[in-house]
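Participant: Sequence first, predicted coordinates after that:
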Amino acid sequence: MQYKPETEKVAMMDPSDPVTIRPLSLKYNVEIQRTRKILLIILGVCLGLSIAGALSAISTSAVRNEIGSSKGRSEVGFNIISILFYAFGTFVAYRYYQIGLRIFAIIGVIILVLEAIAVILLLLLGVVVLTALSQSDAGEHKGMIVGASFGAFFVIFIVAASFILTVIIVKFAFKLARLIDANKYLMVQSV
């Protein structure tokens, strides 16, 4: 068995050629798209509900102004702040802004802390009021105690749902920001 040198096709690579390095496109990363889609759906629903709440609060406030009461202004203000919050979240998630997503998530954490403090204060206030009412003439205030208990249960249910939804939004916002950041460092060498 002898080896005969023949002409073979050989490809030569020049090691001095610069290798182009580019990050993967965010549009083709499945996990980023899934997280972004879920976050945008949740934020879109919350934005729609905030807009509906603002329109309802504005119409109710207009009726109250004709009567002479000025209680609806805080409700309108709260809904406008909610609209701005959810619109900002939708914008930064849609545009893949990593820093904007982190700022949005931090604002969400601040909202969670304020909600927790408000719930604790409302629970303490409710316990004090119910204790005071039950200490006084039980026959006179029985209807008021039942009504207050039902109202407190309803408020706690709404606040708990809002709290859980805000936790989910914050979780997805941080996750999307982390995925976008990790995608920057995932490099593909193209030859």
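Facilitator: Great, that's in hand.

Participant: and the longest helix for this structure?
Facilitator: Longest helix in the chain, counting residues (DSSP state H): helix 138-185.

Participant: Show me what that helix is packed against.
Facilitator: strand 20-23, helix 30-67, helix 73-94, helix 98-135 (3 or more CB pairs under 8 Å, 6 or more residues apart in numbering; DSSP states H and E). Using the backbone N, CA and C atoms, a C-beta is placed for each residue, glycine as well.

Participant: Out of these, which one sits most buried?
Facilitator: Most buried of the helices and strands packed on helix 138-185 by mean neighbour count (mean count of other CB atoms under 10 Å) is helix 73-94; its value is a mean of 17.

Participant: Off-centre distance for that one?
Facilitator: Helix 73-94 has its C-alpha centroid displaced from the chain centroid by 11 Å (CA atoms, centre = their mean, to the nearest Å).

Participant: So what touches that helix?
Facilitator: 36, 39-40, 43-44, 46-47, 50-51, 53-54, 57-58, 60-61, 97, 100-101, 103-104, 107, 111, 169, 173, 176 (CB atoms under 8 Å, 6 or more residues apart in numbering).

Participant: do the same with stretch 36-47
Facilitator: Stretch 36-47 has contacts (CB under 8 Å, 6+ apart) with 82-83, 86-87, 89-90, 93-94, 96, 165, 168-169, 172-173, 176.
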